[in-house]
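# Pasted the sequence and its predicted model underneath.
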Amino acid sequence: MRIFGDREMAYLQEVMDSGVLGWAHQRDMQVDRFEREFAAFVGADWGIARNSAMTGLAIAVAVADAGVGDEVLCDSTVHFGAVAAVAMNAIPRFVDIDPRTWLMDPESLRANISEQSKAVIVTNLWGQCAALDEIRAICDEHDLFMIEDCAHSLLSYWDGQHSGTFGDLGVFSFQQGKQLPTGDGGMMVTDDPALYQRLYDEWAFSGESPAYMVLNYRMNEMTAAVGRAQLERVAGYIATYNESLAIMEQAIEGCAWLQPRLRPERARVTSYAWSCLWDGDRYGLDHDRFRQLCAEHGAAVRFGFNQVPPYQFDFFRVSTIYGDPRCPVRCPLAPGSYDYRDGLCPNAEHVLPRLISANSMREPESAREWAEHLRAAIEAMERA
Ligand SMILES: Cc1ncc(COP(=O)(O)O)c(C=O)c1O
């Protein structure tokens, strides 16, 4: 399905011919072109290429000037934003999700804002945008830096506007499993020229004091060459993946005990993962039995995406795991409770172990086969 062919080779040949394999802070080379082409593709003014989305998120926290004593409001479904906060010694403050979309709930965001709040990292999980205009408005109201984690959301829109362009920064991933693969890589986008310049100018090799924490998370020329060629192909991939997602969504139509993910009218979803919510408890059905039937019928689905929200991970609870036992979760500079207790985000705790998901970046033929297997498992469950 994915094609790595002549176009990739042609751009790679340009790199070899130039003799410059690494990012050289020069215009009109592969990295520079990829940054411009990618930004134009998503409708942003500027792009800054990175070696991964994870490092892009950490840099985003750094340029937001969030550090010791500051809080970064994060999702309670995935841990990436919270890890980026911790990497810059900031404190992740977990926000609950809307139980119908599995995305950040603006009301919970509002309720979690404190004097220490500095930035928000909102994840457009599995190809669907969060309520980005509402989150933008809350950030403006409270002077918070808004970062969008767009690792799954290429060609995903909210109110006709591309993901990543509501935030001060949007961060995309080109890791192997993403819509646009370069092996590894990432791209930050922004419409703010000053912010772009700050990111562009800063690298820890200039013999001058860096203005903020920079660790040379650069993209190299070969990766950018592949990225440019993949960018020309990715709309085609996504059109196919979207067809597959539609087929997969039909598989649970009419099943009362598997709840489809809510797709608000304002969201134009891109295919990344299919998902639904187990609601069988209400019908006296046994979750483990369904898991077993899926295995028996060859329905390749994942039960419980993460079983628990990240604040229940040892990584965040046992602060000695990442160094100083007092910091940052119990940072003495940050008054307030960072006791990541059970029950902190009730919707996330309810939803995560009940999510059922599968990769929807596949060929329609494979999606049809998958849907048949899932339907067979559902029918077996209903007969039992
Ligand atoms: C939601 C989300 N954010 C960030 C990342 C990190 O991306 P990368 O692997 O490019 O660092 C991932 C990777 O799987 C992800 O799923």
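Noted; the coordinates are in hand. Residues are numbered from 1 along each chain as shown.

# And the chain, split by domain according to the record?
6-233, 235-306+348-383 (automatic domain parsing).

# Wait, residue 23 touches residue 222, no?
No: with contact defined as CB atoms under 8 Å, residue 23 and residue 222 do not form a contacting pair (10.6 Å). Using the backbone N, CA and C atoms, a C-beta is placed for each residue, glycine as well.

# Can you say which of the domains of the chain is nearest to residue 316?
domain 6-233 (6.5 Å; CB to CB).

# Give the ranges of residues in the stretch 201-350 of the chain that sit below the confidence cut-off.
Residues of the stretch 201-350 of the chain that meet the criterion pLDDT under 70 lie in 204-206, 318-338.

# in it, which spans are strands?
Secondary structure of the stretch 201-350 of the chain by DSSP state E, counting those that start in this stretch: the strands cover 258-260, 267-268, 273-278, 302-303.

# Ok, the stretch 1-150 of the chain next?
46-50, 71-75, 91-95, 97-98, 103-104, 117-123, 145-149.

# what does the third one contact?
Among residues not part of strand 91-95, those counted as contacts by CB atoms under 8 Å, 6 or more residues apart in numbering are 69-76, 81-82, 85-86, 104-105, 108-109, 112, 114, 116-117, 120, 309-311, 316, 328-329, 331, 334, 338, 340, 344-345, 348.

# for the strands of the stretch 201-350 of the chain, which one ends up most surrounded?
strand 273-278 (a mean of 22; mean count of other CB atoms under 10 Å).

# And that strand, how far out from the chain middle?
With CA atoms, centre = their mean, to the nearest Å as the basis, strand 273-278 stands 17 Å off its chain's centre.

# Just the CA trace of it, in CSV.
Extracted in CSV, the C-alpha atoms of strand 273-278 (Å, rounded to 0.1, in the frame of the first residue of the first chain):
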residue,chain,number,x,y,z
ALA,A,273,-7.6,3.8,14.2
TRP,A,274,-11.1,2.4,14.4
SER,A,275,-12.5,2.2,17.9
CYS,A,276,-15.7,1.6,19.9
LEU,A,277,-16.6,1.4,23.6
TRP,A,278,-17.7,-1.8,25.3
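
# That strand and the ligand in contact?
No: Strand 273-278 lies apart from the ligand when judged by CB under 6 Å from any ligand atom; the minimum separation is 9.7 Å.

# thinking again about what came up before, can you say which of the contacts of strand 91-95 are buried?
69-76, 81-82, 85-86, 104-105, 108-109, 112, 116-117, 120, 309-311, 316, 328-329, 331, 334, 338, 340, 344-345, 348 (16 or more other CB atoms under 10 Å).

# restrict these to those near the ligand?
Counting by CB under 6 Å from any ligand atom, no member of the buried ones among the contacts of strand 91-95 is near the ligand.

# Among those, name the ones in helices.
81-82, 85-86, 108-109, 112, 316, 348 (DSSP state H).

# Could you identify the most distant pair in the residues you listed?
86 and 108 (20.5 Å).

# Would you map the helices across the chain?
Using DSSP H, helices in the chain cover 6-18, 30-42, 53-63, 80-87, 106-112, 132-142, 193-201, 221-250, 287-296, 314-317, 346-351, 364-383.

# name the helices or strands packed onto the first one?
When you say that, I think you mean helix 6-18. In terms of contacts (3 or more CB pairs under 8 Å, 6 or more residues apart in numbering; DSSP states H and E), helix 6-18 is packed against helix 30-42, helix 221-250.

# can you put those in a markdown table and add mean neighbour count and distance to the ligand?
As requested, those are arranged in a markdown table below (neighbours: other CB atoms under 10 Å; distance: least, CB to the nearest ligand atom, whole Å):
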| stretch | mean neighbour count | distance to the ligand |
| --- | --- | --- |
| helix 30-42 | 21 | 14 |
| helix 221-250 | 20 | 12 |
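
# highest average neighbour count across the domains of the chain?
domain 6-233 (a mean of 21).

# What is the end-to-end distance of that one?
12 Å (CA to CA, to the nearest Å).

# what does stretch 292-302 give?
Taking CA to CA as the criterion, the two ends of stretch 292-302 lie 12 Å apart.

# chain center to that stretch: distance?
26 Å.

# Make 58 the starting number, not 1.
Yes, from this point I'll number from 58; that puts the last item at stretch 349-359.

# neighbouring contacts of that stretch?
So stretch 349-359 is contacted by 360, 413-415, 427, 430-431, 433-434, 437-438, 441 (CB under 8 Å, 6+ apart).

# of all the residues you listed, which two lie farthest apart?
414 and 441 (22.9 Å).

# Could you measure from residue 163 over to the ligand?
19 Å (CB to the nearest ligand atom, to the nearest Å).

# Which residue is the nearest non-sequential neighbour of that residue?
Excluding its sequence neighbours, the residue lying closest to residue 163 (CB to CB, 6 or more residues apart in numbering) is residue 191, at 4.3 Å.

# And that neighbour, how far from residue 162?
10 Å (CB to CB, to the nearest Å).

# What of residue 172?
With CB to CB as the criterion, residue 172 and residue 162 are 21 Å apart.

# that older thread, could the helices of the chain be laid out in JSON lines, adding distance to residue 230?
Formatted as JSON lines, these follow (distance: least, CB to CB, whole Å):
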{"stretch": "helix 63-75", "distance to residue 230": "19"}
{"stretch": "helix 87-99", "distance to residue 230": "12"}
{"stretch": "helix 110-120", "distance to residue 230": "3"}
{"stretch": "helix 137-144", "distance to residue 230": "9"}
{"stretch": "helix 163-169", "distance to residue 230": "23"}
{"stretch": "helix 189-199", "distance to residue 230": "18"}
{"stretch": "helix 250-258", "distance to residue 230": "17"}
{"stretch": "helix 278-307", "distance to residue 230": "12"}
{"stretch": "helix 344-353", "distance to residue 230": "28"}
{"stretch": "helix 371-374", "distance to residue 230": "20"}
{"stretch": "helix 403-408", "distance to residue 230": "22"}
{"stretch": "helix 421-440", "distance to residue 230": "23"}
